[in-house]
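A.B. asks: Have a look at this fold, sequence not included:
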């Protein structure tokens, strides 16, 4: 992962007090939704993680016991939907959904989403029915 620590010197020579993640340089990892590129784990100034996830047609319905996920849909096909518990809703680019702990969910259709996960993502908190 390309992550600039806050003490690293920037290109201008000044001490950087920010974190930078270049998602084009972060390798995707398999997840129930498809493939996720994850950033900012272990960053004390940010209590969560940020994911760019490519949703596959075979996304599995799952839930989290402690994590809240906020989905922001970046790219969607015309038939994109989200299953939330027993409800299926249409989604499109520019829509956002907060998915609290315990809500069973999955994306239906191919899409790309930005997910803010709070608290920090824990792979042990992915539960399949």
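C.D. replies: Cool, the structure landed. Since the structure is predicted, the reported quantities are computational estimates derived from the model, not experimental observations.

A.B. asks: and stretch 78-97, which residues are buried?
C.D. replies: Within stretch 78-97, the residues that count as buried by 16 or more other C-beta atoms under 10 Å are 80-83, 91, 97. To be clear about C-beta, it is placed using only N, CA and C from the backbone, and glycine gets the same treatment.

A.B. asks: ditto for stretch 52-62
C.D. replies: 52-56, 59, 62.

A.B. asks: pLDDT weak spots in this protein?
C.D. replies: Applying pLDDT under 70 to the chain flags the ranges 1-15.

A.B. asks: Surely residue 97 and residue 71 touch.
C.D. replies: Yes: using C-beta atoms under 8 Å, residue 97 is in contact with residue 71, at 4.8 Å.

A.B. asks: Need the overlap of contacts for those two.
C.D. replies: Each of residue 82 lies in contact with both residue 97 and residue 71 under the rule C-beta atoms under 8 Å, 6 or more residues apart in numbering.

A.B. asks: Take the buried residues of stretch 52-62 and write them to TSV, including secondary structure and distance to residue 20.
C.D. replies: Shown next, in TSV, are the buried residues of stretch 52-62 (DSSP: H, G, I helix; E, B strand; the rest coil; distance: C-beta to C-beta, whole Å):
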residue	secondary structure	distance to residue 20
52	strand	15
53	strand	20
54	strand	22
55	strand	25
56	coil	28
59	coil	29
62	strand	30
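
A.B. asks: Which one of the residues you listed is nearest to residue 122?
C.D. replies: Nearest to residue 122 among the buried residues of stretch 52-62 is residue 62, at 13.3 Å by C-beta to C-beta.
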